[in-house]
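Engineer: next input, structure requested:
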Amino acid sequence: MRKITFLFAAVMMIAGMLNAQSFGSKLGGALKSAVDANSSATVRTAPSNPTPSKAAATYYVNAATGSNRADGLTPATAKKDIQKVLDLIAENKQNGAVINVAEGNYLGSLDAGYIEVKNFVSLVGGWNASFTARDPQKYVTKIEPTAAQNGTNGNKALITLSGLDNVNYVVGGTVKIDGFCLNLGMQNNYKPADPSDPRNGCPQGVETGRMVDDGGAQLSHQLIHSDAAVAGNIIICNCLIANSPYFGIQINTRCGEIEIYNCVIISNRYAGVRIDGWDKNGERSHVNFHHNTVAFSWCRDKIMEDMGYGYEFMCKVNADVHHNIFLCNNYAALARTHVLSGPDAVIEAKRKTNVYDNLFFMNAADLQLPSKGGGKWTNVSCKNFEDVDEKIIPKVDGNKELASGDAFVNVIDQAYLKGFANIKVISSSSFDPNSAANLYRQAHGMNMQGTEINRVSMFGNRYNFGKALLFFGAKSGYGAQKLK
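Structural biologist: Okay, here's the model as predicted:
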């Protein structure tokens, strides 16, 4: 009887694995069809969904039941900490390994608040505790540090990619991050959630006051980031990227294909996504950014005079941006403001950046370009994309403004949306030449000083984690799709 029970359990486990693979392949296949039908990229270095070699190791991690003294090679002997597996893979140089991760909050080695990836591996979250079913929305696998990690993760992204460069432009493999929820909303500094005090920048019904933007440990603290560059392919899919004080995803690419799809990227300061090119000729890297929901990207600071982009095009990287939803981005949904000139103009001329079949809603600008007239920027509405120079954006078909009555709008946190729609920045200054301080300065030959106060009704407030997950599947065919 015991043998029969064991055999049945084994069969059920294998069936779960196959169902999970089917779940991923169905969604990936549908999205890939849209990609292949529309992409006009000149650089393609890898298939959309590469599979590891048969010799690659498979590991299991379970925060609830795992042990770091276990081998991690079966669900029953799962390790407890993702970083322990990553360190083992680095020690054994196991490029191509797959790490299946059960639901739970993973804070890295000794709860430092981040993990560091030094090999080309696949991180696959969203598994249940028995590894028999996978649903990243239901079985939430997250990295969500708190103030307890302030002293240990301040200069690290929640997922940091390290040592993956090759100055000889050799693609070393593929890093895949699939089914993770990355959230800094419980670690950031926010003003109190008290709408009655205008200093807090807290609209009624929003769960925190404004983000405190005084620099410090919050800066250089991304959700996904590469130290130096990556010479290889990167896939980021089925992820929540939320509440970063300094870029959601910021990666440097030496060569390879970067595909980011089916993600919700929300309430990130500076920009939701920025991919910088490190190829001197600008020909070896391509970004395929599709079927993502990018919302509430916030400016650099509360004065709101720069940054605040959903997706930022960078030099020496070709890109296709399509089938996304960009909503309520604080400065612009898309920014193509970085341009090479002088001796590098020939490199710039080869860059291909396509924007097609996207939806836009309530962005400060849908596209931002350098100003030809000597001003600061040129802001372009999606209805005027076809007027943009074809050398800058060759393909612009199918971009539309989302109607305010669309059912998708109801998925947005209504208190957060109302606060965003009514943002006010109020500045006041005062100068008293007869104050004791200024009289002292004057007597000692120093310049007298005044004070300036800037208050904002909302800035970088935390977006609720559970409400952010509701964006998956909120609009068929556009943005992050429901995981099937």
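Engineer: okay, CA-based contacts and neighbour counts for the rest of this
Structural biologist: Fine.
Engineer: kindly check the end-to-end length of stretch 236-252 for me.
Structural biologist: This stretch, stretch 236-252, spans 14 Å end to end (C-alpha to C-alpha, to the nearest Å).
Engineer: list the buried residues of that stretch.
Structural biologist: Residues 236-252 are the ones in stretch 236-252 that count as buried (16 or more other C-alpha atoms under 10 Å).
Engineer: repeat that for stretch 364-384.
Structural biologist: In stretch 364-384, counting by 16+ other C-alpha under 10 Å, buried: A364, A365, D366, L367, Q368, L369, P370, N379, V380, S381, C382.
Engineer: give the burial count for the residue nearest to C328 when sequence neighbours are not counted, as a bare number.
Structural biologist: Spatially, and ignoring its direct neighbours in sequence, C328 is nearest to N363 (4.4 Å; C-alpha to C-alpha, 6 or more residues apart in numbering). Residues within reach of N363, counting by other C-alpha atoms under 10 Å, total 23.
Engineer: OK, contacts around N363?
Structural biologist: F326, L327, C328, N329, N330, Y331, A332, A333 (C-alpha atoms under 8 Å, 6 or more residues apart in numbering).
Engineer: just the ones of those residues in strands?
Structural biologist: Per DSSP state E, strands hold the following members of the contacts of N363: F326, L327, A332, A333.
Engineer: next one: the second one from E207, what distance?
Structural biologist: The reference is to L327. From L327 to E207 the distance is 20 Å (C-alpha to C-alpha).
Engineer: what's the answer for the third one, then?
Structural biologist: Applying C-alpha to C-alpha, one obtains 25 Å for the distance of A332 from E207.
Engineer: repeat for D71
Structural biologist: 42 Å.
Engineer: cool, and S196?
Structural biologist: On the measure of C-alpha to C-alpha, S196 and E207 end up 14 Å apart.
Engineer: quick one: residues contacting Y190.
Structural biologist: Applying C-alpha under 8 Å, 6+ apart, the residues near Y190 are T208, G209, R210, M211, V212, N461.
Engineer: same thing but at 6 Å, please
Structural biologist: Residues counted as contacts of Y190 (C-alpha atoms under 6 Å, 6 or more residues apart in numbering) are G209, R210, M211, V212.
Engineer: just give me the neighbour total for the closest residue to it other than its chain neighbours.
Structural biologist: Of all residues not flanking Y190 in the chain, M211 sits nearest, at 4.4 Å (C-alpha to C-alpha, 6+ apart). By other C-alpha under 10 Å, 25 other residues sit near M211.
Engineer: pLDDT score assigned to M211?
Structural biologist: Looking at M211, its pLDDT is 97.
Engineer: over to it: give its phi and psi.
Structural biologist: Backbone torsions of M211, given as degrees, to the nearest 10, read phi -70, psi 140.
Engineer: wait, isn't it in contact with S457?
Structural biologist: No - look at M211 against S457 with C-alpha atoms under 6 Å: they stay out of range, at 11.3 Å.
Engineer: any idea how far the helix or strand where V101 lies is from the chain center?
Structural biologist: Element membership of V101 [criterion: DSSP states H and E] is strand 98-102. Here strand 98-102 shows a centroid-to-chain-centroid distance of 20 Å under the convention C-alpha atoms, centre = their mean, to the nearest Å.
Engineer: name the strands paired with that strand and say parallel or antiparallel.
Structural biologist: Counting by DSSP bridges, the strands paired with strand 98-102 are strand 58-61 (parallel), strand 122-127 (parallel).
Engineer: can I get the last one as CSV, trimmed to CA atoms?
Structural biologist: The C-alpha coordinates for strand 122-127 follow below in CSV (Å, rounded to 0.1, in the frame of the first residue of the first chain):
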residue,chain,number,x,y,z
SER,A,122,16.3,30.5,-14.6
LEU,A,123,14.5,31.7,-11.5
VAL,A,124,10.9,30.4,-11.6
GLY,A,125,8.6,31.6,-8.8
GLY,A,126,4.9,31.0,-8.2
TRP,A,127,4.9,27.4,-7.1
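Engineer: which residues touch that strand?
Structural biologist: 98-103, 133-136, 139-141, 175-180.
Engineer: right, and the helix or strand after it?
Structural biologist: strand 141-143.
Engineer: partner strands of that next one, with direction?
Structural biologist: In its sheet, and by DSSP bridges, strand 141-143 pairs with strand 104-105 (parallel), strand 181-183 (parallel).
Engineer: what pLDDT, on average, does it get?
Structural biologist: 99.
Engineer: any low-confidence regions in the stretch 151-300 of the chain?
Structural biologist: Residues of the stretch 151-300 of the chain that meet the criterion pLDDT under 70 lie in 214-220.
Engineer: what are the ranges of the strands in it?
Structural biologist: Ranges of strands in the stretch 151-300 of the chain, per DSSP state E, counting those that start in this stretch, are 159-161, 174-178, 181-183, 224-226, 230-231, 233-237, 240-242, 249-261, 264-266, 271-277, 285-290, 293-295.
Engineer: got the contact list for M362?
Structural biologist: By C-alpha under 6 Å, 6+ apart, the neighbours of M362 are L327, C328.
Engineer: what's it sitting at in phi/psi?
Structural biologist: With angles defined as degrees, to the nearest 10, M362 sits at phi 50, psi 40.
Engineer: start the count at 29 instead of 1 going forward.
Structural biologist: With the count now opening at 29, the last piece we talked about shows up as M390.
Engineer: give me the distance between it and M474.
Structural biologist: The gap separating M390 from M474 is 47 Å, by C-alpha to C-alpha.
Engineer: helix, strand or coil for K112?
Structural biologist: At K112 the chain is in helix, as set by DSSP: H, G, I helix; E, B strand; the rest coil.
Engineer: okay, now it: neighbour count?
Structural biologist: For K112, using other C-alpha under 10 Å, the count is 18.
Engineer: ok, now the one 3 residues further on?
Structural biologist: Here the count is done by other C-alpha under 10 Å, and D115 has 16 residues near it.
Engineer: can I take it that it is in a helix?
Structural biologist: Yes - secondary structure assignment places D115 in a helix (three-state DSSP).
Engineer: how about I143, phi and psi?
Structural biologist: Backbone torsions of I143, given as degrees, to the nearest 10, read phi -130, psi 150.
Engineer: quick one: residues contacting it.
Structural biologist: Neighbouring residues of I143 by C-alpha under 6 Å, 6+ apart: Q111, G136, I187.
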